[in-house]
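> next come a sequence and a model predicted from it.
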Amino acid sequence: MSRLILLRHGQSVWNQESRFTGWVDVPLAENGEKEAKAAAVAMRQENIEPETAFSSYLKRAEQTLQIVLAQMNLTRLPVFSDWRLNERHYGDLQGSNKSEAKAQYGEEQVHRWRRGYEDTPPEAVGQPIIKDKRYVGVPIPRGESLKTVKKRVVACFDERIAPILTAQQTVLIVAHGNSLRALIMHLEDLSAEEIINRNIPTGVPIIYDLDKNLHAVGKRQLLGD
């Protein structure tokens, strides 16, 4: 039996301002740092201890992971990062306030972009250059649907994470609302209709016990929600 811990980063400064963030590399808000510490406490109380950890390339996920590992005294844990765990690229919506987007495009359309499976927001024009050398050779998107995100997240899971889980280790993934929704869709074999109402709260560990075929055993467990 292996165990998978999914953790959405703590509240970021743009979460706090209700702005579409996507690939924009904003830091955690003060409350997000508190959420990361609380996530670590919740795992320790349940005697859940990761043996390997993964995060996206984005600062808010990396900061959350660093806080969690420091709080759990696991700073020497093997840590890996992969751009494929990044949040959905929200295209031209990135940086805009969600209320303003609803006024411009309509609440129903914005809901489909945020929660739907195949809807892709308007493509970004004139994106800022990403200077991080880790992105060299990475096909930077200009806007993504959840369907597109799922392809890259599942590829990362199959290539890098599944072999570790198969060895019956406990793995922690710190990522984002949509990259984790995509992975949960894969783990639970959810349909496009079922994923619409699945929301991932910030800073709340989600625990999956997996069998030898990496199928979820029993119901997922949320700690401290």
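Structure received. Numbers count the residues shown, from 1 in each chain.
> can you pull out the strands in this protein?
Ranges of strands in the chain, per DSSP state E, are 2-8, 52-55, 79-81, 170-175, 206-210, 221-222.
> neighbouring strands - and their directions - for the second one?
It refers to strand 52-55. Using DSSP bridges, the strands paired with strand 52-55 are strand 79-81 (parallel), strand 170-175 (parallel).
> from residue 48, how far out is the residue nearest the centre of the chain?
In the chain, the centroid-proximal residue (Cα atoms, centre = their mean) is residue 176; its distance is 2.1 Å. Separation of residue 176 from residue 48 (Cβ to Cβ, to the nearest Å): 21 Å. Placement of C-beta: from N, CA and C, glycine included.
> now residue 89
For residue 89, the distance to residue 48 equals 32 Å [Cβ to Cβ].
> which of those two has more neighbours?
residue 89 (24 against 17; other Cβ atoms under 10 Å).
> what residues are up against that one?
The neighbours of residue 89, taking Cβ atoms under 8 Å, 6 or more residues apart in numbering as the test, are 22, 23, 124, 140, 141, 142, 143, 144.
> same question, residue 177
Contacts of residue 177 by Cβ under 8 Å, 6+ apart are 8, 87, 199, 200.
> for residue 94, same thing?
20, 21, 22, 23, 24, 124.
> if we go to 7 Å?
20, 21, 22, 24, 124 (Cβ atoms under 7 Å, 6 or more residues apart in numbering).
> hmm, back to that, so the residue nearest to the centre of the chain sits against residue 87, correct?
Yes. The pair residue 176 / residue 87 is scored as a contact, 3.6 Å apart, by Cβ atoms under 7 Å.
> wait, residue 112 sits on residue 119?
Yes. Counting by Cβ under 7 Å, residue 119 is a contact partner of residue 112 at 4.3 Å.
> more neighbours: the two, which one.
residue 112 (18 against 15).
> returning to what we had before: winner for burial among the strands paired with strand 52-55?
Among the strands paired with strand 52-55, ranked by average contacts under mean count of other Cβ atoms under 10 Å, first place goes to strand 170-175 (a mean of 27).
> ok, back up a step: which pair of the contacts of residue 94 spans the longest distance?
Farthest-apart pair in the contacts of residue 94 is 21 and 124; separation 12.9 Å (Cβ to Cβ).
> number of residues surrounding the nearest residue to residue 81 once chain neighbours are set aside?
Nearest non-adjacent residue to residue 81, counting by Cβ to Cβ, 6 or more residues apart in numbering: residue 55, 5.1 Å away. For residue 55, the neighbour count with other Cβ under 10 Å is 27.
> circling back: next, format the strands of the chain as a markdown table and append mean pLDDT and distance to residue 68.
Formatted as a markdown table, these follow (pLDDT from 0 to 100; distance: least, Cβ to Cβ, whole Å):
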| stretch | mean pLDDT | distance to residue 68 |
| --- | --- | --- |
| strand 2-8 | 97 | 7 |
| strand 52-55 | 98 | 8 |
| strand 79-81 | 97 | 11 |
| strand 170-175 | 98 | 7 |
| strand 206-210 | 95 | 14 |
| strand 221-222 | 91 | 16 |
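> show me what contacts the residue lying closest to residue 188 once chain neighbours are set aside?
Ranked by Cβ to Cβ, 6+ apart and with sequence neighbours excluded, the top spatial neighbour of residue 188 is residue 216, at 6.1 Å. Residue 216 makes contacts with 187, 188, 208, 210, as judged by Cβ under 7 Å, 6+ apart.
> who does the last one bridge with?
This points to residue 210. residue 2, residue 216.
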